[in-house]
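Following is a predicted model, sequence given first.
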Amino acid sequence: MGVIERAIALNRPDPSDPLEVLAKLGGYEIAGLVGVILKGAAERVPVIIDGFISAAAALVAVKLCPAARDYLLAAHCSAEPGHRLILEALGLRSLLSLDLRLGEGTGAALAMHLVDDALALLDEMATFEEAGVADRPDCP
C-alpha cells in the first residue's frame with residue numbers, strides 16, 4: 001500500500017466533500033492554491049495551473065465552485081500519472097506536453113510565452129477586412 005492509499009485509509013475523507021478531502025489529505029500549499037484559484041475566478045482572471053500540486057488544488061476549487069473551471073489554463077501535463085487524471089477530470093487540455101517533472105512552476109513559465117503570444121495575436125493581428133484580404137477578386 002502506497003503513501004496515498006495509507007493516508008486515505010487512515011483519514012477516510014468523504015470524497016463528496018471537497019473541503020473535507022482538502023483538510024484531511026491536503027497541505028497548506030494546496031489550500032493556498034485553492035484560494036488563489038477561487039479568487040481568480042471571482043475576479044474573472046485566468047489562473048495557469050502547472051504541475052500535480054496545482055492541479056490537485058484546481059480540482060478542489062472546481063468541486064467547490066464549478067464556474068472556476070472557466071478560468072483555468074493547464075500549462076503542461078507532467079510525467080506524474082495522477083496529473084493526467086486530474087486534467088481529464090477537469091476537462092482541461094494542456095498547452096504543452098513535455099513530460100516535465102521539474103517543479104518550481106517550470107511548465108507555467110514556459111506556457112506564459114504561448115499565452116502572451118496568443119493575446120498579442122488577438123489584440124494586434126489585422127482581420128481579413130482590415131488587411132484588405134476579403135476584397136481580393138481571387139479570394140472567395
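Structure received. Numbering: from 1, shown residues only.

Could I get the buried residue list for the helix or strand where Leu119 lies?
In this structure, Leu119 is located in helix 106-124 according to DSSP states H and E. Of the residues in helix 106-124, those buried under the neighbour-count criterion (16 or more other CB atoms under 10 Å) are 106-108, 110-111. From N, CA and C alone the C-beta is placed, and that goes for glycine too.

For those residues, work out which two are farthest apart.
Thr106 and Ala111 (9.6 Å; CB to CB).

got any residues that touch both of these two?
With contacts taken as CB atoms under 8 Å, 6 or more residues apart in numbering, Thr106 and Ala111 have no neighbour in common.

What are the boundaries of the helices in the chain?
3-11, 18-25, 28-42, 52-64, 81-90, 106-124, 128-131 (DSSP state H).

just how off-centre is the helix or strand bottoming out on mean pLDDT in the chain within its chain?
In the chain, the helix or strand scored least confidently by mean pLDDT, DSSP states H and E is helix 128-131, which has a mean of 79. Helix 128-131 sits 34 Å away from the centroid of its parent chain (CA atoms, centre = their mean, to the nearest Å).

Could you do stretch 28-39 as well?
13 Å.

got the contact list for it?
Outside stretch 28-39, the residues that touch it by CB under 8 Å, 6+ apart are 22, 47, 49, 53-54, 56-58, 60-61, 64-65, 68, 71-72.

one more time with 7 Å, if that's ok
22, 47, 53-54, 56-58, 60-61, 64-65, 68 (CB atoms under 7 Å, 6 or more residues apart in numbering).
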